[in-house]
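Asks: show me how the following folds:
(chains A and B)
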Amino acid sequence: MTLDPAVVLDSWPLFVAGTVVTLQVSAIAFVGGILLASAIVALSFSGGWIRVAIQVYLGVLRGVPFIVLLFLVHFGMPFAGIRMPAYFNGTLALTLYASAYYSEVLRATVLGLPRGQWESARAIGMSRSAATRHIIAPQMLRPALPPTVNSTITMIKESSVMSAITVGELTYQGLVVQGNTFAPFEVFIAVAGLYWLIAFVLSRVAVAVERAVATGQGASARRNAIGERYLALDARAG
Amino acid sequence: MTTPEKPERLPALRVTGLKKRYGANTILDDVSLDVPAGQVVTLVGPSGCGKSTFLRCLTWLDPPDEGFVEVEGRPFGREVGEFGSVRLQSSREVDRMRPRLGLVFQQLNLWPHWSVRANVEAPLRIVLGRSLEEARGRADDLFARLRIGDLADAFPTQLSGGQRQRVAIARALAMNPAVMLFDEPTSALDPELVGEVLGAIKELALTGMTTLVVTHEIGFARSVADRLLFMDGGRIVLDGPPGAVIDDPAHPRARAFFDKVLSRRSFISAKPMTGEQA
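Replies: This is a model prediction of the structure:
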């Protein structure tokens, strides 16, 4: 057999549209997932029923295949009277799914910091939130970055499952082109290449960021450390 | 030795009936202690006697099960309410009192993402709400006093052990504490640095700062401290002037401890090679 690149090139607008949607839903799930995970991790250090609720949340999300979670949200919510477009439901499911994985990353990062960092902040009189913001969070960036990138690449690939509920992302557009052209090899080689390209660019960006953070004695980090982070505080007691 | 305290003055630190258990183990068994302002106290004892736990309970990092801590007469962590009921303070109240106790950790726990200057100034800004000018002035005073002015823009990882210790002291002192607490300041150090670090604490003690040092350094206790406490099995079993306690310990466990510590020290000084193994 021969591969015919024209099949792919003729349909380029669909591939571009699919890539854009994949990037969109992934970006939203990244931001939402990190925010959710930060809250989850902060709360997971409290005791009682909150801790139990978080364990249940994480246990369920990690124990269920993404496609099942997606079906639960997309086909289940209308029965609860919530009727939303597939794009919304897919993004919501992906955000929830990502939040579970980011929670693991962030929690492991926090636990990996020396306990004395937290204790010296608290012993000098910083509140829990001040110690978190000024002492713990800034030190999390470097160790959290590589596993976060890993989880994000997994999450981007997982977003392809949304094609099952007709979200117009990259895999879905691939199916459309394939249906029009009956050239599955060409189409899905192109789709695979685009996923690979996204992951490649992302990991390159991550390496650059990592380097900038690691050589933290450099210009911007140094300015930050010497003053700006705490100079910018609104100074108030308590 | 012990300066006669004025009767009307409240002790800088008062501990009453402190108890701490972990499961079935009693770590602190009814510890009470008054430290008058300006006194330099050393707390010694065998490993596992509860001395580090004592500091952690005192600073409310590990709240004690029972007992009270007062700093300059103000209750810290737990207090007796209006009708004699015992009440735990809110975390806000605890946080507000915490700067009054200047704790220097064994591992120092400087914040590595901040410069020396930020390590000292940021708590002043964040916790005490001082203005930038005030914080800077206070930090510069302390840097000069501790002779670390030229290190202000360095990062903690770039400093030697002795320099780091001085930064940790500056950070705690900046908050203007009523009492300085040191948790085994020399036991994680290269033997060559022990003298330097003890020197820094001695300088501090000579300024009249109320100081409590948990240490194994009997020589330091003898030359600097006003008072020596010996702890064993979660209790303070000896309390008196360091010379008298060390030379004639009226407690069998303490006698064995001092014998061992003093003979080990002479062994080390007789063979300088052992100093390089650390």
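
Asks: could you look up the SS state of the spatially most central residue of chain A?
Replies: With distances taken as C-alpha atoms, centre = their mean, A:Phe30 lies nearest the centre of chain A, 2.9 Å away. Using DSSP: H, G, I helix; E, B strand; the rest coil, the structure places A:Phe30 in helix.

Asks: for the helix or strand hosting A:Leu58, buried residues please.
Replies: Assigned by DSSP states H and E, A:Leu58 belongs to helix A:48-63. Neighbour counts over helix A:48-63 (16 or more other C-beta atoms under 10 Å in any protein chain shown) mark A:54, A:57-58, A:61 as buried. Quick note: C-beta positions are derived from backbone N, CA and C, even for glycine.

Asks: quick check: the two most widely separated of the residues you listed?
Replies: Taking C-beta to C-beta as the measure, the buried residues of helix A:48-63 span a maximum distance of 10.8 Å, between A:Ile54 and A:Leu61.

Asks: before we move on, the earlier item: the residue nearest to the centre of chain A against A:Ser159, yeah?
Replies: No. With contact defined as C-beta atoms under 8 Å, A:Phe30 does not count as touching A:Ser159 (10.6 Å).

Asks: in stretch A:65-74, what counts as buried?
Replies: A:66, A:69-71, A:73-74.

Asks: can you give me the end-to-end span of it?
Replies: End-to-end distance of stretch A:65-74 (C-alpha to C-alpha, to the nearest Å): 14 Å.

Asks: quick one: distance of it to the chain centre.
Replies: 17 Å (C-alpha atoms, centre = their mean, to the nearest Å).

Asks: stretch B:114-126 now?
Replies: Distance, centroid of stretch B:114-126 to centroid of chain: 21 Å (C-alpha atoms, centre = their mean).

Asks: tell me the contacts of the nearest residue to A:Glu210 once chain neighbours are set aside?
Replies: Spatially, and ignoring its direct neighbours in sequence, A:Glu210 is nearest to A:Leu145 (5.4 Å; C-beta to C-beta, 6 or more residues apart in numbering or on different chains). Contacts for A:Leu145 (C-beta atoms under 8 Å, 6 or more residues apart in numbering or on different chains) come out as A:206, A:209-210, A:213.

Asks: emit the ChimeraX select command for whichever of these are buried.
Replies: Buried residues within the contacts of A:Leu145, by 16+ other C-beta under 10 Å, are selected in ChimeraX with:
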select /A:206
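
Asks: so which of the contacts of A:Leu145 sit within helices?
Replies: Judged by DSSP state H, the contacts of A:Leu145 include A:206, A:209-210, A:213 as members of helices.

Asks: and B:Leu262, how far is that from B:Pro252?
Replies: Distance, B:Leu262 to B:Pro252, by C-beta to C-beta, to the nearest Å: 16 Å.

Asks: more crowded one of these two?
Replies: Of the pair B:Leu262 and B:Pro252, B:Leu262 is the one with more neighbours under other C-beta atoms under 10 Å in any protein chain shown, namely 13 against 10.

Asks: ok, now which ones touch the more buried one?
Replies: Neighbours of B:Leu262 in contact, by C-beta under 8 Å, 6+ apart: B:218, B:246.

Asks: over to A:Val105?
Replies: With C-beta under 8 Å, 6+ apart, A:Val105 has these contacts: A:37, A:144, A:147-148, A:151.

Asks: pick the one among those residues closest to chain B.
Replies: Using C-beta to the nearest C-beta, A:Ala144 is the member of those that sits closest to chain B, with 13.6 Å.

Asks: pLDDT score for the residue most central in space within chain B?
Replies: The C-alpha lying nearest the average C-alpha coordinate of chain B belongs to B:Leu181 (C-alpha atoms, centre = their mean; 1.8 Å). B:Leu181 is assigned a pLDDT of 97 by the prediction.

Asks: a helix runs through it, doesn't it?
Replies: No. Counting by three-state DSSP, B:Leu181 is not part of a helix but strand.

Asks: ok, it to chain A distance?
Replies: Computed as C-beta to the nearest C-beta, to the nearest Å, the B:Leu181 to chain A distance reads 9 Å.

Asks: re earlier: next, format the contacts of A:Leu145 as JSON lines and append pLDDT and distance to B:Asp248.
Replies: Shown next, in JSON lines, are the contacts of A:Leu145 (pLDDT from 0 to 100; distance: C-beta to C-beta, whole Å):
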{"residue": "A:Ala206", "pLDDT": "90", "distance to B:Asp248": "66"}
{"residue": "A:Val209", "pLDDT": "86", "distance to B:Asp248": "65"}
{"residue": "A:Glu210", "pLDDT": "83", "distance to B:Asp248": "62"}
{"residue": "A:Val213", "pLDDT": "76", "distance to B:Asp248": "59"}
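
Asks: what strand or helix carries A:Val105?
Replies: helix A:86-112.

Asks: beyond that helix, next helix or strand please.
Replies: Where DSSP H and E defines the elements, the next helix or strand beyond helix A:86-112 is helix A:115-123.

Asks: A:Trp12 - how many residues pack around it?
Replies: Counted with other C-beta under 10 Å, the neighbours of A:Trp12 add up to 11.

Asks: kindly report the same for A:Ile156.
Replies: The burial count for A:Ile156: 24, using other C-beta under 10 Å.

Asks: show me the contacts for it.
Replies: A:Ile156 neighbours (C-beta under 8 Å, 6+ apart): A:22, A:26, A:195, A:198-199, A:202.

Asks: pLDDT value on residue 220, please?
Replies: Looking at chain A here, since you left the chain open. 48.

Asks: could you do chain B instead?
Replies: Per-residue pLDDT puts B:Phe220 at 86.
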